[in-house]
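# only geometry, no sequence info:
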């Protein structure tokens with residue numbers, strides 16, 4: 001009986017932690033917290049009606065995804081625009097993804113071509129912004145964007161390289177949203193069209209160059225406007 005009660009309590013805590021984690025992750029992703037904003041466990045516990053232990057468990061998960069920092073003696077906070085990790089992730093992506101895309105263009109079959117065309121069509125037809133989803137681009141567009149970029153690389157046929165892409169993509173999602181928000185005039189539609197066209201034309205070098213430039217512009221969105229960093233919105 002005691003074991004059953006303990007198991008039930010543990011399961012309940014885990015469920016609450018999952019709910020708080022999902023709420024916090026969504027809030028950070030849609031811009032409810034600005035870069036550098038503090039994430040105060042006491043305030044979150046009060047807002048969500050849960051214990052501090054539940055909130056801290058959720059915060060640790062958010063930190064693990066790179067969506068928050070654990071600061072010595074200062075609690076938790078959303079990363080800053082100037083955080084060096086964004087440029088390090090971008091550098092890694094520019095070093096790896098164009099190479100994988102070149103392999104994909106050289107190795108991909110007709111089925112891969114069809115998937116690339118379909119993924120680009122979905123991306124082009126999905127609204128980037130939706131009312132009610134905050135200042136950053138919509139969840140549906142974010143997923144269509146991820147699928148397009150991953151599909152471009154899938155022709156390489158190397159699951160290890162694709163797993164590396166998956167990890168880097170997840171780690172850079174927050175920076176990608178910030179960059180798009182800070183450089184609203186950037187023509188993502190034309191950039192993605194150029195990627196699709198070069199890949200399907202089997203122009204491996206051109207596709208790699210276009211992707212490298214695409215990734216460079218995303219990173220630049222977090223450096224060129226550093227002096228314009230807004231005040232916190234929490």
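Done, it's in. Model, not experiment: these values are computed from the prediction. Numbering: from 1, shown residues only.

# the nearest residue to residue 66 once chain neighbours are set aside: which element?
Nearest residue to residue 66, sequence neighbours excluded (CB to CB, 6 or more residues apart in numbering): residue 171, at 5.0 Å. Glycine gets a C-beta too; all of them are placed from N, C-alpha and C. Taking DSSP states H and E as the definition, residue 171 sits inside helix 159-182.

# who's in contact with the residue nearest to residue 66?
Residue 171 sits next to 65-66, 85, 89 when contact means CB atoms under 8 Å, 6 or more residues apart in numbering.

# quick check: PyMOL command selecting the buried ones in those.
Restricted to buried positions by 16 or more other CB atoms under 10 Å, the PyMOL selection for the contacts of residue 171 reads:
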select buried, resi 66+89
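
# tell me which of the contacts of residue 171 fall in helices.
85, 89 (DSSP state H).

# closest to residue 43 out of the contacts of residue 171?
Nearest to residue 43 among those: residue 65, at 20.6 Å, using CB to CB.

# against residue 59, how distant is that closest one?
11 Å (CB to CB, to the nearest Å).

# strands of the chain, start to end?
Assigned by DSSP state E, the chain shows strands spanning 38-39, 69-71, 75-77.

# residue 139: how many residues sit nearby?
Applying other CB atoms under 10 Å, we find 14 residues neighbouring residue 139.

# for residue 157, see how far away it is.
30 Å.

# against residue 47, how distant is the most centrally placed residue in the chain?
Most central in the chain under CA atoms, centre = their mean is residue 173, positioned 1.4 Å from the mean C-alpha point. As judged by CB to CB, residue 173 and residue 47 stand 24 Å apart.

# shouldn't residue 162 be in contact with residue 152?
No - using CB atoms under 8 Å, residue 162 is not in contact with residue 152, being 11.0 Å away.

# more neighbours: these two, which one.
residue 152 (29 against 15).

# how close does the more buried one sit to residue 113?
Counting by CB to CB, the gap from residue 152 to residue 113 is 11 Å.
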